[in-house]
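A.B. asks: Take a look and give me a structure for this.
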Amino acid sequence: MRFNVDKCVELMAYFAEKGNGKIDKLKLLKLVFFADRMHLRNYGRTIVDGTYYGMQRGPVHSEILSMIDQSSILSEDEIESLKRKFSKKVHDLYLKSRGCSVAEDKNEYFSESEIEVIEKIWRAFGGFSQWQLQEITHLYPEWKTDSYLLDDGYSRFDMRMIKAFDDPDECSMRILKGKYGFESDPFEQDPDVLEYTREQYLYNEQLKAL
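C.D. replies: Here you go, the predicted model:
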């Protein structure tokens, strides 16, 4: 399924609105990843479709990065969707108008479960800097498992999102608790629910391949 450009832009606008009308590009990319990760573990699918790559600064949603950087990979119409909502100055995105709310757009863009997760992600991670969020993404299996490839000369690797159903290891949990103040993993999920949503994800991936 082709990713929904307008839905991506509205998700980005929500996080920028929470940041008083502007947001750093790196921070935005990490918050989108966290929202997708939580919704995947809770409901068996991501909020926005598309491709994730693991890079030195953590997980990156390829299509959203292409929109922000106005890459030729995307069409002019797709890039224009972002430009209508944002202006860009160096690494910061600024909303052209304030008052964005995912709740207001839920019938058009977001389900109730997506809104719930997006708001949880902001409460859990919105207060961290882009550099702190970068380090936190490095603690999760989707990036951490294959990150050795970046030391072998690769600039990026394909993220295996099935690893989102794995929990962080003990070392990562010590950092989450000791350095970042989490009492438990913010993505903690009941094992039975996690097994069910994992099966849902695998089923959905099979349908996409048809």
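A.B. asks: okay, and the helix or strand of this protein with the least pLDDT?
C.D. replies: Least confident helix or strand, the chain: helix 76-85 with a mean of 83, by mean pLDDT, DSSP states H and E.
A.B. asks: Dump it to CSV, restricted to CA.
C.D. replies: Extracted C-alpha coordinates of helix 76-85, given in CSV (Å, rounded to 0.1, in the frame of the first residue of the first chain):
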residue,chain,number,x,y,z
GLU,A,76,5.9,17.6,-6.9
ASP,A,77,2.3,17.2,-5.6
GLU,A,78,3.6,15.1,-2.6
ILE,A,79,6.2,17.6,-1.7
GLU,A,80,3.6,20.4,-2.1
SER,A,81,1.4,18.8,0.5
LEU,A,82,4.2,19.4,3.1
LYS,A,83,5.0,22.9,1.8
ARG,A,84,1.3,24.0,2.2
LYS,A,85,1.6,23.2,6.0
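A.B. asks: so what does it touch, helix or strand wise?
C.D. replies: Applying 3 or more C-beta pairs under 8 Å, 6 or more residues apart in numbering; DSSP states H and E, we find helix 76-85 packed against helix 5-18, helix 62-68. Glycine gets a C-beta too; all of them are placed from N, C-alpha and C.
A.B. asks: Skip the chain neighbours and tell me the closest residue to D36.
C.D. replies: Nearest non-adjacent residue to D36, counting by C-beta to C-beta, 6 or more residues apart in numbering: T46, 4.0 Å away.
A.B. asks: what sits against that neighbour?
C.D. replies: The contact partners of T46, taken as C-beta atoms under 8 Å, 6 or more residues apart in numbering, are D36, H39, L40, M161.
A.B. asks: ok, now Q70?
C.D. replies: I79.
A.B. asks: Doesn't it lie inside a strand?
C.D. replies: No: using DSSP: H, G, I helix; E, B strand; the rest coil, the assignment for Q70 is coil, not a strand.
A.B. asks: give the contact list for the residue nearest to the spatial centre of the chain.
C.D. replies: Among the residues of the chain, the one closest to the centroid is F33, at 1.5 Å (C-alpha atoms, centre = their mean). With contact taken as C-beta under 8 Å, 6+ apart, F33 is in contact with Y52, G58, P59, V60, H61, T137.
A.B. asks: Could you rerun that using 10 Å?
C.D. replies: 46, 52, 58-61, 64, 121, 133, 137, 140, 142-143, 159, 164 (C-beta atoms under 10 Å, 6 or more residues apart in numbering).
A.B. asks: out of those, which are inside helices?
C.D. replies: I64, I121, L133, T137, E142, W143 (DSSP state H).
A.B. asks: quick one: which of those residues is nearest C171?
C.D. replies: In terms of C-beta to C-beta, no member of those lies closer to C171 than W143, at 14.2 Å.
A.B. asks: Surely that closest one and D158 touch.
C.D. replies: No: in this structure W143 lies outside contact range of D158 using C-beta atoms under 10 Å: 11.5 Å.
A.B. asks: Could you name every residue contacting both of those two?
C.D. replies: Joint contacts of W143 and D158 (C-beta under 10 Å, 6+ apart) are Y52, Y53, G54.
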